[in-house]
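Q: let's see this in three dimensions:
(one chain, ligands or ions: 3)
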Amino acid sequence: MSRITTNEQRLWDSLMAMGEIGGTEKGGCCRLALTDLDQQARDLFVSWCKEAGCTIRIDQMGNVFARRAGRNNALPPVLMGSHIDTQPTGGKFDGVYGVLAGLEVIRSLNDHGIETEAPVEAAIWTNEEGSRFPPAMVASGVFAGVFDLEYGLSRADLDGKTIGEELARIGYAGDQPVGKPVKAYFEAHIEQGPILEAEETTIGVVTDAQGQRWYELTITGQEAHAGPTPMLRRKDALVGSARVVDRVNQIGLEHGPLACSTVGLMQVFPNSRNVIPGEVFFTVDLRHPDDSVLSEMDAKFRAYCDQMASELGLELQLEEIWYSPPVPFAEDCVSSVRQAAQALGYSHRDIVSGAGHDACYVARVAPTGMIFVPCEDGISHNELERAKAEDLAAGCNVLLSAVLNQAC
Ligand code: GLV
Ligand code: MN
Ligand code: MN
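A: Ligands and ions are numbered 1, 2, ... in the order given. All right, here's what the predicted structure looks like:
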């Protein structure tokens, strides 16, 4: 087990430099997938990787792979990575940490003159967040064969722009086929929850990721004047939606403590203060680590939507746009992470990921493991997201050890 460590200051400085691209006044980051800012951040990553002696390969989904050659380049690489797109009010660590930790591992291998048997690569996966182009993890999904290329490239934002068009616009529509053999994949990430910090534990050894179901709903009623229309004659699409929002929240509580349920996006039409809303579009996100519980949540949610629509005389369109089942990570990779944390003397515990990650899809085609480090107050998807340089470096040291374990 390697005791070589990475460079804490260099990792931190790289994170801060990257965080300036899309940096917000509150100290967070707004760098939506395939915007000009995403392009700038990709360009910076590529330039750093080239300085570190890597060759760059870009596939047709815009996934970027920076390769440090090994002794035997016919072997599949040991891959590290995550994403650099953020939420609209995102932080400086969600995703980008896993990408730059990968680069820091490569830089550290260079510093120590270590040659690996298999090549080692750091990757950026396109559009992990699913905030601009739903669903989440779409490009790692194409990599893993969960989605076909045409589906991936045709995902559209709310203005109708597609991933394919936007990749071409920012110069990242690569020509390499999507998908290739990978010896092992490791993704370092902030926990995005409160457990590690509360338990004063440095490393989360991620054993599983919970399942998720995403839905899009359109509820249609009738637009009418807010003054003369008596209450009992109304077909108010927003009132129906509000009932669903409350029921979604209850379903999460009923299946606690592990279930999560969220309505995060809503559009009200015509959105005028003296018009009864005629149409509402909104999204629902249900999660649970146990697939059978997730199915129960799904059934309750659908039953309530039907009940609400018939009680209020509203029309309901409900589409499940994404299902990502719970993921168990590979025992071999999980134990590489656990052993590395142990050997480096870091406190650690097994943990289940509440968030989705590209690792969830890569796990279908390659042995995969994840490393979590604490974040302040467990807050993420928020400009106030913070992590400590020393914890980030600890996670990166574990990544280095786990990678050496697989690549040597
Ligand atoms: C990705 O950030 C997710 O929604 O879990
Ligand atoms: Mn992330
Ligand atoms: Mn995220």
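Q: drop to CA atoms for contacts and neighbour counts, all remaining ones
A: Will do.
Q: tell me how far Val398 lies from Phe372.
A: Remark: distance between Val398 and Phe372 (C-alpha to C-alpha, to the nearest Å) = 10 Å.
Q: do Phe281 as well
A: Relative to Phe372, and taking C-alpha to C-alpha, Phe281 is found at 35 Å.
Q: look at Met1 and report its pLDDT.
A: Note on Met1: pLDDT of 55.
Q: one step back: which of Phe281 and Phe372 has more residues huddled nearby?
A: Phe372 (29 against 19; other C-alpha atoms under 10 Å).
Q: list the contacts for the residue in the chain positioned nearest to ligand 2?
A: At 4.0 Å from ligand 2, Gly95 is the closest residue in the chain, using C-alpha to the ion. For Gly95, the contact set (C-alpha atoms under 8 Å, 6 or more residues apart in numbering) comprises Ser82, His83, Ile84, Asp85, Thr86, His189.
Q: next one: Cys30
A: Gly22, Gly23, Thr24, Thr86, Gln87, Pro88, Thr89, Gly90, Gly91.
Q: got JSON lines for the contacts of Gly95, with neighbour count too?
A: Formatted as JSON lines, the contacts of Gly95 follow (neighbours: other C-alpha atoms under 10 Å):
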{"residue": "Ser82", "neighbour count": "29"}
{"residue": "His83", "neighbour count": "27"}
{"residue": "Ile84", "neighbour count": "29"}
{"residue": "Asp85", "neighbour count": "30"}
{"residue": "Thr86", "neighbour count": "29"}
{"residue": "His189", "neighbour count": "28"}
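Q: and which of those is nearest to ligand 1?
A: Thr86 (8.4 Å; C-alpha to the nearest ligand atom).
Q: show me which residues of the stretch 301-408 of the chain sit near ligand 1.
A: Ala355, Gly356 (C-alpha under 6 Å from any ligand atom).
Q: how about the helices of the stretch 301-408 of the chain, start to end?
A: In the stretch 301-408 of the chain, the helices defined using DSSP state H, counting those that start in this stretch lie at 331-343, 358-362, 389-407.
Q: what does the stretch 1-150 of the chain give?
A: 8-19, 36-51, 96-111, 138-143, 149-154.
Q: can you redo those as a markdown table with mean neighbour count, mean pLDDT and distance to Asp358?
A: Formatted as a markdown table, the helices of the stretch 1-150 of the chain follow (neighbours: other C-alpha atoms under 10 Å; pLDDT from 0 to 100; distance: least, C-alpha to C-alpha, whole Å):
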| stretch | mean neighbour count | mean pLDDT | distance to Asp358 |
| --- | --- | --- | --- |
| helix 8-19 | 18 | 98 | 20 |
| helix 36-51 | 18 | 98 | 17 |
| helix 96-111 | 25 | 98 | 11 |
| helix 138-143 | 28 | 98 | 6 |
| helix 149-154 | 17 | 98 | 14 |
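Q: quick one: closest of those helices to Ala389.
A: Between Ala389 and the helices of the stretch 1-150 of the chain, the shortest gap by C-alpha to C-alpha is with helix 8-19, which sits at 6.1 Å.
Q: show residues contacting stretch 386-396.
A: 6-9, 11-12, 91-93, 97, 101-102, 104-105, 188, 190, 202-203, 346, 371-376, 379.
Q: go again using 6 Å as the cut-off
A: Glu8, Ala101, Cys375, Glu376 (C-alpha atoms under 6 Å, 6 or more residues apart in numbering).
Q: now the third one. Nearest residue, chain neighbours left out?
A: Sequence neighbours aside, Ala387 is the residue nearest to Cys375 in space, at 4.6 Å (criterion: C-alpha to C-alpha, 6 or more residues apart in numbering).
Q: just name the most buried of the helices of the stretch 301-408 of the chain.
A: helix 358-362 (a mean of 26; mean count of other C-alpha atoms under 10 Å).
Q: what packs against that helix?
A: helix 138-143 (3 or more C-alpha pairs under 6 Å, 6 or more residues apart in numbering; DSSP states H and E).
Q: elements contacting the helix it packs on?
A: Right, helix 138-143 is packed against helix 358-362 by 3+ C-alpha pairs under 6 Å, 6+ apart.
Q: how far does the helix it packs on sit from its chain's centre?
A: A distance of 9 Å separates the centroid of the chain from that of helix 358-362, by C-alpha atoms, centre = their mean, to the nearest Å.
Q: what of stretch 365-372?
A: On C-alpha atoms, centre = their mean, the centre of stretch 365-372 falls 14 Å from that of its chain.
Q: same question, stretch 157-172
A: 19 Å.
Q: show me where the stretch 201-350 of the chain has strands.
A: 203-209, 211-220, 224-225, 260-262, 266-269, 275-276, 279-288, 315-324, 327-328, 348-353 (DSSP state E, counting those that start in this stretch).
Q: please tabulate these in JSON lines, including the columns mean pLDDT and distance to ligand 2.
A: Output for those, formatted as JSON lines (pLDDT from 0 to 100; distance: least, C-alpha to the ion, whole Å):
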{"stretch": "strand 203-209", "mean pLDDT": "98", "distance to ligand 2": "13"}
{"stretch": "strand 211-220", "mean pLDDT": "98", "distance to ligand 2": "15"}
{"stretch": "strand 224-225", "mean pLDDT": "98", "distance to ligand 2": "42"}
{"stretch": "strand 260-262", "mean pLDDT": "98", "distance to ligand 2": "17"}
{"stretch": "strand 266-269", "mean pLDDT": "98", "distance to ligand 2": "22"}
{"stretch": "strand 275-276", "mean pLDDT": "98", "distance to ligand 2": "38"}
{"stretch": "strand 279-288", "mean pLDDT": "98", "distance to ligand 2": "16"}
{"stretch": "strand 315-324", "mean pLDDT": "98", "distance to ligand 2": "15"}
{"stretch": "strand 327-328", "mean pLDDT": "97", "distance to ligand 2": "16"}
{"stretch": "strand 348-353", "mean pLDDT": "97", "distance to ligand 2": "11"}
